[in-house]
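In: No sequence on hand, only this structure:
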Ligand code: 5GP
Ligand code: MG
């Protein structure tokens, strides 16, 4: 029970998708791929909060193991409403602390869903004069796409399930799990309401 007395979803009710070992192996394989194709210069890593915080941390350290020099910065995309909201309405709760003009950027996000977040942030970085933008996501749900976006590199391609763990949340919960799991279908939200945050199911709202 939470301090407020509301029940937490027991971890055994979650359907495991990828174990911590599987994620670790995939993140290192992604770092191999990225390191092979990167410019020699310092790379600007832009991680989208909150969901990518664990993935970005592990990927950054895997890149360090491969002698890739990073400058890491963060951005927090803001809610844009539901499916009825027109695309391109992703705004920022928190912006970068460093300029990106002339920089080669590695944009890191947790999951590519409708594609609106990645599309909007990519365009923004290009408008700000980034020399190049590579996109890297841990998870890709192509069946949910609403705008034509593909990631340059995706860790795992998955079906339309609502995923938690390894940084991904449901109402702030589950981010700390070392593995990735799907919420049971009866609890899984079915419409996105937030860019950069989880979708609006009552079970997912902070209590
Ligand atoms: P998009 O703009 O591509 O629709 O949404 C991307 C954001 O929605 C992701 O960065 C993530 O924060 C959130 N999101 C999309 N699908 C899921 C999911 O299955 N689980 C969680 N926890 N968040 C998701
Ligand atoms: Mg996100």
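Out: Now that the structure is in, tell me what you want to look at. Keep in mind the model is a prediction, meaning the values are calculated, not measured. Numbering: from 1, shown residues only. Ligands and ions are numbered 1, 2, ... in the order given.
In: rest of the way, CA atoms for contacts and neighbours
Out: Noted.
In: Tell me where this protein has strands.
Out: Secondary structure of the chain (DSSP state E): strands at 15-18, 43-48, 70-77, 92-94, 104-112, 132-140, 153-157, 163-164, 180-182.
In: Which one of these lies nearest to residue 29?
Out: Among those, the nearest to residue 29 by C-alpha to C-alpha is strand 153-157 (8.8 Å).
In: Point out the other helices and strands that the closest one packs with.
Out: On a contact count with 3 or more C-alpha pairs under 8 Å, 6 or more residues apart in numbering; DSSP states H and E, strand 153-157 meets helix 20-36, strand 132-140.
In: Run the chain-centre distance for the longest one.
Out: A distance of 16 Å separates the C-alpha centroid of helix 20-36 from that of its chain, computed with C-alpha atoms, centre = their mean, to the nearest Å.
In: Can you tell me the closest non-neighbouring residue to the most centrally placed residue in the chain?
Out: By C-alpha atoms, centre = their mean, the chain has its centre lying nearest to residue 110, at 1.7 Å. Leaving aside its sequence neighbours, residue 110 sits nearest to residue 52 (C-alpha to C-alpha, 6 or more residues apart in numbering; 4.4 Å).
In: Give the phi and psi angles for the one you found, as a check.
Out: phi -90, psi 10 (degrees, to the nearest 10).
In: How about the contacts made by residue 69?
Out: Residue 69 is in contact with 41-43, 63, counting by C-alpha atoms under 8 Å, 6 or more residues apart in numbering.
In: pLDDT wise, what is residue 207 at?
Out: For residue 207, the pLDDT comes out at 26.
In: sorry, back to before: report the entries of the contacts of residue 69 that also contact ligand 1.
Out: Among these, no residue is within reach of ligand 1 (C-alpha under 6 Å from any ligand atom).
In: and those as JSON lines, adding distance to residue 187, pLDDT and neighbour count?
Out: JSON lines is the format used below for the contacts of residue 69 (distance: C-alpha to C-alpha, whole Å; pLDDT from 0 to 100; neighbours: other C-alpha atoms under 10 Å):
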{"residue": "41", "distance to residue 187": "45", "pLDDT": "80", "neighbour count": "11"}
{"residue": "42", "distance to residue 187": "43", "pLDDT": "90", "neighbour count": "14"}
{"residue": "43", "distance to residue 187": "39", "pLDDT": "96", "neighbour count": "17"}
{"residue": "63", "distance to residue 187": "36", "pLDDT": "97", "neighbour count": "20"}
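In: if we take these, which one ends up nearest to residue 78?
Out: Taking C-alpha to C-alpha as the measure, residue 78 lies nearest residue 43 of the contacts of residue 69, at 25.1 Å.
In: Name the nearest residue to that closest one, sequence neighbours excluded.
Out: With C-alpha to C-alpha, 6+ apart as the criterion, residue 43 has its nearest non-adjacent residue at 4.8 Å, and that residue is residue 70.
In: Also residue 150?
Out: Distances taken as C-alpha to C-alpha, 6+ apart place residue 115 nearest to residue 150, at 7.9 Å, with adjacent residues excluded.
In: burial measure for that neighbour, as a count.
Out: 22 (other C-alpha atoms under 10 Å).
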